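Chemist: Give the three-dimensional model of this entry:
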Amino acid sequence: MFSVIFPGQGSQSLGMAKEFYKKYSLVRNIFSRADESLNFNLSKIILSGPISEINLTKNTQPAIFIASYSIFSVIKKEFNIDLNKANYFAGHSLGEYSALTCANALKFEDAIRLLYARGKSMQEAIPIGKGAMLAVLGLKVEEILEQINSISINGTCEIANDNSPGQIVISGDKDSIQILQNSLKKKSIRGIILPVSAPFHCSLMESAKKKMSQKITESVFKDPKPSIISNVTAKAENKAGKIKELLIEQITSRVKWRESVEYMINNGVNEFIEIGPGKVLSGLVKRINKDVNIFNIDSIDDITNYVNK
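Modeler: Next comes the predicted model:
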């Protein structure tokens, strides 16, 4: 039994999917459709940079989606591998949109427009430099909450991502995050400030949630095949209406990645295939369970290796 997983923000790189773009006309067509849907040349930014433009959240989110969708399409149409036979699809944050589109629940053009709007509204939710995200290493969720509750914070300081055992990300206003980091440092607990432009997946994203609520509600969704593991519930979801509600909630909610992977494993999955740029999710899955098989597909050679496994 296997699951297909799709990466989120932080996996982007200059020239991602360029190899696929050069070799396959279907990928060039995907990039072209994206540019038409957005009314600007995102393809050029992905392929040629500058990296500072790729790292703008409004560009990062659709860019990673395009890369993942392109690779998935090549596997399906050029190599005739039906990944929709998977038991589940799952994606980390924006990767959930990749999962839904590849599961035929959402049209490509709708997904690309939603992700651009999502990135833009998240960026605009709080002034640049006013928010922060902190990766805390070596603690469990309960221990992190104890640490947050043990210090005097007037602002926002919330768990944004439960990524794997010993890797939890906190979001909030810059001052509160700094207070938490200093407190952890005194206790020899490692906390790393992440190079992000906004504090995602916390209550500071409330304005983005309101903006996206209408856009998601108005978009046409179908029931996905296979089921999607929601970031919010960490359970299989297969009804379009419920998935819409959860995508809206996801903007201000914790990404329960560890729980999502554990759910899939507990339901018989013993193989994970990461589709898209980077190897972030593969690394997280390994930390959650060392016994499962993991394949990362980010190049044509990766597909060949998977076929010949």
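Chemist: which residues in the stretch 1-150 of the chain form helices?
Modeler: Taking DSSP state H, counting those that start in this stretch to define them, one finds helices in the stretch 1-150 of the chain at 18-23, 25-38, 42-48, 51-54, 57-77, 95-102, 108-124, 141-149.
Chemist: Would you reformat the ones you listed as CSV and include distance to residue 228?
Modeler: No exception for glycine: its C-beta is placed from N, CA and C like everyone else's. Formatted as CSV, those follow (distance: least, CB to CB, whole Å):
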stretch, distance to residue 228
helix 18-23, 24
helix 25-38, 21
helix 42-48, 25
helix 51-54, 26
helix 57-77, 14
helix 95-102, 5
helix 108-124, 13
helix 141-149, 23
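Chemist: Would you convert those helices into JSON lines that also reports distance to residue 1 and mean neighbour count?
Modeler: Formatted as JSON lines, the helices of the stretch 1-150 of the chain follow (distance: least, CB to CB, whole Å; neighbours: other CB atoms under 10 Å):
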{"stretch": "helix 18-23", "distance to residue 1": "27", "mean neighbour count": "16"}
{"stretch": "helix 25-38", "distance to residue 1": "29", "mean neighbour count": "17"}
{"stretch": "helix 42-48", "distance to residue 1": "33", "mean neighbour count": "19"}
{"stretch": "helix 51-54", "distance to residue 1": "35", "mean neighbour count": "14"}
{"stretch": "helix 57-77", "distance to residue 1": "18", "mean neighbour count": "25"}
{"stretch": "helix 95-102", "distance to residue 1": "17", "mean neighbour count": "28"}
{"stretch": "helix 108-124", "distance to residue 1": "26", "mean neighbour count": "21"}
{"stretch": "helix 141-149", "distance to residue 1": "27", "mean neighbour count": "14"}
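Chemist: of all those, which lies closest to residue 260?
Modeler: With CB to CB, the closest approach to residue 260 among the helices of the stretch 1-150 of the chain belongs to helix 95-102: 10.0 Å.
Chemist: how distant is the closest one from the center of its chain?
Modeler: Computed by CA atoms, centre = their mean, to the nearest Å, the chain-centroid distance of helix 95-102 equals 9 Å.
Chemist: before we move on, what about stretch 255-275?
Modeler: For stretch 255-275, the distance to the chain centre is 14 Å (CA atoms, centre = their mean).
Chemist: pLDDT averaged over that stretch - what is it?
Modeler: Here stretch 255-275 scores 98 as its mean pLDDT.
Chemist: going forward, begin numbering at 20 instead of 1
Modeler: Okay, using 20 as the starting number, the last item reads as stretch 274-294.
Chemist: Could you pull out the buried residues of it?
Modeler: With burial defined by 16 or more other CB atoms under 10 Å, the residues of stretch 274-294 counted as buried are 274-280, 282-284, 288, 291-294.
Chemist: which ones among the residues you listed are found in strands?
Modeler: Among those, the ones falling in strands (DSSP state E) are 291, 292, 293, 294.
Chemist: Okay, and the beta partners of the first one?
Modeler: Going back to what we said before, that points to residue 291. residue 22, residue 313 (DSSP bridges).
Chemist: Could you chop this protein up by domain?
Modeler: Domain assignment for the chain by automatic domain parsing gives 21-144+222-326, 150-212.
Chemist: quick revisit: with distance to residue 253 and mean pLDDT as added columns, please give the helices of the stretch 20-169 of the chain in CSV.
Modeler: Below are the helices of the stretch 20-169 of the chain laid out as CSV (distance: least, CB to CB, whole Å; pLDDT from 0 to 100):
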stretch, distance to residue 253, mean pLDDT
helix 37-42, 31, 98
helix 44-57, 30, 98
helix 61-67, 31, 98
helix 70-73, 30, 94
helix 76-96, 21, 97
helix 114-121, 12, 98
helix 127-143, 21, 97
helix 160-168, 12, 95
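Chemist: For residue 315, find the nearest of these.
Modeler: Among the helices of the stretch 20-169 of the chain, helix 76-96 sits nearest to residue 315 (CB to CB), with 10.6 Å.
Chemist: which secondary structure elements does the closest one contact?
Modeler: Contact here means 3 or more CB pairs under 8 Å, 6 or more residues apart in numbering; DSSP states H and E; on that basis helix 76-96 packs against helix 37-42, helix 44-57, helix 61-67, helix 70-73, helix 114-121, helix 127-143, strand 290-294, helix 319-326.
Chemist: and with 7 Å instead?
Modeler: helix 37-42, helix 44-57, helix 61-67, helix 70-73, helix 114-121, helix 127-143, strand 290-294 (3 or more CB pairs under 7 Å, 6 or more residues apart in numbering; DSSP states H and E).
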